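J.: structure, please.
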Amino acid sequence: MEHQRIELFCSLTDSACKSIQRLKATQMDAFDLSAAHTRSLCLLLEALPTGLTQTELAQRCGMDRAQISRVLSALRNRNYLTTVGQGDYKKRYVLTEAGIEVANQIEAMIEEIYAYVGKDIPREDLIGFYRTFSLIEQRLKQAVAHFGCAPCKPNQP
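T.: Residues are numbered from 1 along each chain as shown. The predicted structure is shown next:
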């Protein structure tokens, strides 16, 4: 029984992730931006007016510094952000007016999709779901640390 629930959980989360990826791809085509670009824009919008350092943005996006460097370079080339401060580690990235406009449009699209997805689900159920899902995600990370990444071996008598 437990095995079936784990398989169902994996199947549902995989399917949900694929749907989210398809939505991101189709909705962001209008902006010619990748998921990494849009995530960065949204995080920088939240960080106004001070912005974020490259390291802070990489940590929040779950990307390595090389990948976030490419994303930031592309966004600068589109005039969506500028830098404030000196040095590689203290420099902060802040959205320009054009970046704020695009980030607000993206946020509006996300809100519209979120409202559609959750339209018939009571708010308290959604809050409970996200709280539970966050706990499951944390415990799965702990399980990886506890059990390691090697395949499980049956106990030897």
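J.: got the buried residues for the worst-scoring helix or strand of the chain on mean pLDDT?
T.: Within the chain, judged by mean pLDDT, DSSP states H and E, the helix or strand with the poorest mean is helix 2-28; its value is a mean of 86. Of the residues in helix 2-28, Lys24, Gln27, Met28 count as buried by neighbour count, 16 or more other CB atoms under 10 Å. For the C-beta atoms, the positions are set from N, CA and C on the backbone; glycine is no exception.
J.: possible to save these as CSV with distance to Arg76?
T.: Converted to CSV, the buried residues of helix 2-28 look like this (distance: CB to CB, whole Å):
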residue, distance to Arg76
Lys24, 22
Gln27, 23
Met28, 18
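J.: nearest to Cys61, of those residues?
T.: Using CB to CB, Lys24 is the member of those that sits closest to Cys61, with 13.6 Å.
J.: return the distance of the closest one relative to Cys42.
T.: Going from Lys24 to Cys42 by CB to CB, to the nearest Å gives 11 Å.
J.: returning to that earlier point: centre of the chain to the least confident helix or strand of the chain, how far?
T.: Averaged C-alpha coordinates place helix 2-28 at 15 Å from its chain's average position (CA atoms, centre = their mean, to the nearest Å).
J.: apart from its chain neighbours, what residue comes closest to Leu75?
T.: Counting by CB to CB, 6 or more residues apart in numbering, Leu81 is the residue found nearest to Leu75 once chain neighbours are left out, at 5.0 Å.
J.: over to Ala74?
T.: Using CB to CB, 6+ apart and skipping residues adjacent in sequence, the residue nearest Ala74 is His37, 6.5 Å away.
J.: so which residues of this protein form helices?
T.: With helices called from DSSP state H, the chain shows them at 2-28, 35-46, 54-61, 65-77, 97-117, 123-147.
J.: which of those helices is buried the deepest?
T.: Across the helices of the chain, averaging neighbours per residue (mean count of other CB atoms under 10 Å) puts helix 35-46 on top, at a mean of 19.
J.: can you list the residues that contact that one?
T.: Contacts to helix 35-46, defined as CB atoms under 8 Å, 6 or more residues apart in numbering, come from residues 21, 24-25, 28, 31, 33, 51-52, 57, 60-61, 63, 67-68, 71-72, 74-75, 80-81, 93-95, 99-100, 102-104, 106-107, 110.
J.: tell me the mean pLDDT for it?
T.: Model confidence over helix 35-46 averages 93 on the pLDDT scale.
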